[in-house]
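> Prediction below, plus the sequence it came from.
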Amino acid sequence: MVAPLRHHEEYDKVVSITEKQEPKFQEYRAVNPNATKYKDLIFLGHIVSFTICTVLSCLSLLTANVSPILAFPLGMIMGSVMTFILSFLIDMLKR
């Protein structure tokens, strides 16, 4: 005859339900509209500075009779480098 299965009850691993429950709501944290506007302004400033630096570097390369196939990628690389340097300098001055 087959022996009945043993049921192991491990009370050590049982955790109360009330300890694991999280609140059903979160505390309201007001968003600072000035900080959000400032971040949007900084983002727009990065885009504008990249655009201006790229256009000026492309213009200078094209006036130096560099092939347009090379002038535009080099201008974008130069524009991104100048934008990074500009944002780094602004961060240094802000601190």
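Thanks, I have the structure now. Residues are numbered from 1 along each chain as shown.
> count of neighbours near S67?
10 (other C-beta atoms under 10 Å). For every residue, glycine as well, the C-beta is placed using N, CA and C.
> Distance of it relative to L61?
9 Å (C-beta to C-beta, to the nearest Å).
> got it, and A35?
Distance from A35 to L61, by C-beta to C-beta: 39 Å.
> Please compare these two by neighbour count and tell me which comes out ahead.
L61 (18 against 9).
> Please state the backbone phi and psi of the more buried one?
Taking degrees, to the nearest 10, you get phi -70, psi -40 for the backbone angles of L61.
> Name the helix or strand for the spatially most central residue of the chain, please.
Residue closest to the mean C-alpha point of the chain, counted by C-alpha atoms, centre = their mean, is F43 at 10.9 Å. Using DSSP states H and E, F43 sits in helix 33-63.
> Quick check: what element follows that helix along the chain?
Scanning onward from helix 33-63 (DSSP H and E), the first element met is helix 68-94.
> If you count neighbours, what's buried in stretch 70-89?
A71, F72, L74, G75, M78, G79, M82, T83, L86 (16 or more other C-beta atoms under 10 Å).
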